[in-house]
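>>> Need a 3D model of the sequence below.
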Amino acid sequence: MRDDHSQAGWSTAYFVKRLGGFGLSYNVPAGSPQENPAVIKYYFHGSEQLEFETGGSVPSDALQDTRLKEIFREVYDQYSSYLNVEFVESKVVPVTDRQSLVINFGKMTNGSAAVAMSGGNITWNAANDYKSWGEDYSYYTALHEIGHTLGMPHTDSTTEFGKDYLIEDSSEFSVMSYNRYVNNSLYQKLHSLRMYDLAYLQNRFGVNAKSRAGDDVYTFADFNTYASDGGRYIWDGAGIDTFDASKEQAGVYVNLNPGSWIYVGETKEKNFLIKSVHSSKQDVKIYFGLPDKATVDSNGAVNAPLDISDVEYTKGQAYIGQGTQIENLLGSAHSDTLIGNAADNNIYGGAGDDMIEGGAGNDYLDGGKGTDTLKGGLGDDLYFINDADLIVEDVDQGTDWVISTVNYQLTANVENLTLVGSTATQATGNDLDNILIANNIDNTLTGGKGNDRLMGGLGADTLIGGEGEDTFVFNASLNGKADVITDFSAEDKIELSKTIFSSLTSADKVIEHIQYDSSTGKLSYDSDGSGKGNAIHFATLSTSSLFTVESNVFIIA
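A predicted model of the protein is given here:
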């Protein structure tokens, strides 16, 4: 099955797919994130409509229960705060507007507190003494019934969810559950949607872009039973956000693409939230710390043992919801698998031998310590190399750049390389048109095939163009150290920076200010062009005895 995450090729987490078992309906938009929120109207039926639908047998106080209506409004506002949907109360009966829901305060004989249909209306059973049940129950019922109208079924054993994941059938995880084995009253008091509800609803309707719109940081957190998202379900509306796994004590798998189940260690858990439930019987007086002489009467059962269920929650699990974009990712100090999304990602591997994939977008990939494999994917990617890392790029995936603190040779389909720091001395190109940039010590830049640009730094560099029409660039301060061009040919060019060679206002000035000694191969710059001052030696052409200073050889930039 495509939602069986234990099998290869799974596409949708079980708690997303199976909580949408009611399918679509004409009164509710077909969902999927869109630029502007979808608008769904809701309307409270008045006495005239109620008389038509219920035959007039409606308690009159239900029509005037302003507090119950306020609860529904608050719950609709809560749904809107999470979703890319705006629920708007209509003051007139929606007749032609298909995207509308109606709330009836009618009288039913089946004993249900309320009834709702997917994409349909809600009928609140005003025949019940619902006020005596308290507002917690009214909030819970409103959350539950509105969930039905948006396509969510129950989570019990009769549904696809409950058949395979009955251990998580609890209102702790979804307002669509009736299960009381976990502290059900607690979750009713929270008056909020639960984690699995959010995962399905945001998959269906998208995320409210105004919620969590700052620059947020997310981690692998312990499950928080009081939070709607449990601290495990990651959702975000906007901003430049980060997932930080740097404190984890084992390698992590983090995929920033929406709809990704991410985890610490080597595998996902079978269930996302509950690992196991341990049942035991406890002495009731010991459990409550009562004296031996105490008597506990539970519906006629005196001092009967308590049935206790201890829940063991999973660790190191998280899920990135649909419609959520996280830009930055920090790996652990262990061997990680880190995957970017369609945004411009910044991904840092940390220590360990990491596998990092940028995905689409113009990504920055830094494997950190260890022997890492870096795959930029589509976009103009930037790599930072400080070890024996491997870069993998396919054809036509953008123009990529490597910044390296160690000697480095460009792999296939990677265009440019800059050496930084005080350790790296060698930069080697490939068959493409490369740009190679030296650091400020003595480097050897080797272009290889292609029409390359070789740019020396403040050191005495050796520049080897290789095959092709190469350009040797001089844009560093003239400090008395000269670069050596080993293979200058007639097809090659020398580019001089106007900032450094300030007297060269145009290429025809080179004859006046550039001196060439054919016996030594030295190129020098005479700033005043008089020949009286000391010209500054900046390059040596080791194989070009026939070289002459001509304007068509030089580029002034």
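
>>> A strand includes residue 198, no?
No - membership of residue 198 in a strand is not supported by DSSP: H, G, I helix; E, B strand; the rest coil, which gives helix.

>>> Tell me, how many residues neighbour it?
Using other C-beta atoms under 10 Å, the number of residues around residue 198 comes to 22. In this view, the C-beta of every residue, glycine as well, is placed from N, C-alpha and C.

>>> Kindly report the same for residue 129.
For residue 129, the neighbour count with other C-beta under 10 Å is 8.

>>> Just want the phi and psi numbers for it.
The phi/psi pair for residue 129 (degrees, to the nearest 10) reads phi -90, psi 60.

>>> And residue 130, by the same measure?
phi -70, psi -30.

>>> That one contacts residue 137, correct?
Yes - at 7.3 Å, residue 130 counts as touching residue 137 under the criterion of C-beta atoms under 8 Å.

>>> what's the closest non-adjacent residue to residue 266?
Closest residue to residue 266 in three dimensions, ignoring its sequence neighbours and counting by C-beta to C-beta, 6 or more residues apart in numbering: residue 251, at 7.6 Å.

>>> Could you list the buried residues of stretch 421-428?
For stretch 421-428, the neighbour count (16 or more other C-beta atoms under 10 Å) marks 424, 425, 426, 427, 428 as buried.

>>> could those be laid out in JSON lines, adding secondary structure?
Shown next, in JSON lines, are those (three-state DSSP):
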{"residue": "424", "secondary structure": "coil"}
{"residue": "425", "secondary structure": "coil"}
{"residue": "426", "secondary structure": "strand"}
{"residue": "427", "secondary structure": "strand"}
{"residue": "428", "secondary structure": "strand"}
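
>>> Provide a list of residues in contact with the residue nearest to residue 266.
With contact taken as C-beta atoms under 8 Å, 6 or more residues apart in numbering, residue 251 is in contact with 264, 265, 266, 332, 334, 335, 336, 337, 352.

>>> Tell me if I am right that the fifth one is in a helix.
Right, residue 334. No - assigned with three-state DSSP, residue 334 falls outside any helix and is coil.

>>> begin at 21 from here
Sure thing, new numbering starts at 21, so read that last one as residue 354.

>>> so what pLDDT did it get?
Turning to residue 354, the model gives it a pLDDT of 98.

>>> Distance of it relative to residue 372?
Distance of residue 354 to residue 372, computed by C-beta to C-beta, to the nearest Å: 4 Å.

>>> dump the residue contacts of residue 546.
Residue 546 touches 532, 533, 534, 535, 553, 555, counting by C-beta under 8 Å, 6+ apart.

>>> Now which of these would you call buried?
For the contacts of residue 546, buried by 16+ other C-beta under 10 Å: 533, 534, 535, 555.

>>> What is the burial count for residue 55?
If you count neighbours by other C-beta under 10 Å, residue 55 ends up with 7.

>>> Oh, that last question was meant for residue 250, not what I typed.
For residue 250, the neighbour count with other C-beta under 10 Å is 24.

>>> helix/strand/coil for it?
Assigned by three-state DSSP, the conformation of residue 250 is coil.

>>> Is it in contact with residue 333, as I believe?
No - counting by C-beta under 8 Å, residue 250 does not reach residue 333; the two are 9.2 Å apart.

>>> what residues do those two have in common as contacts?
Counting by C-beta under 8 Å, 6+ apart, the residues touching both residue 250 and residue 333 are 243, 293.
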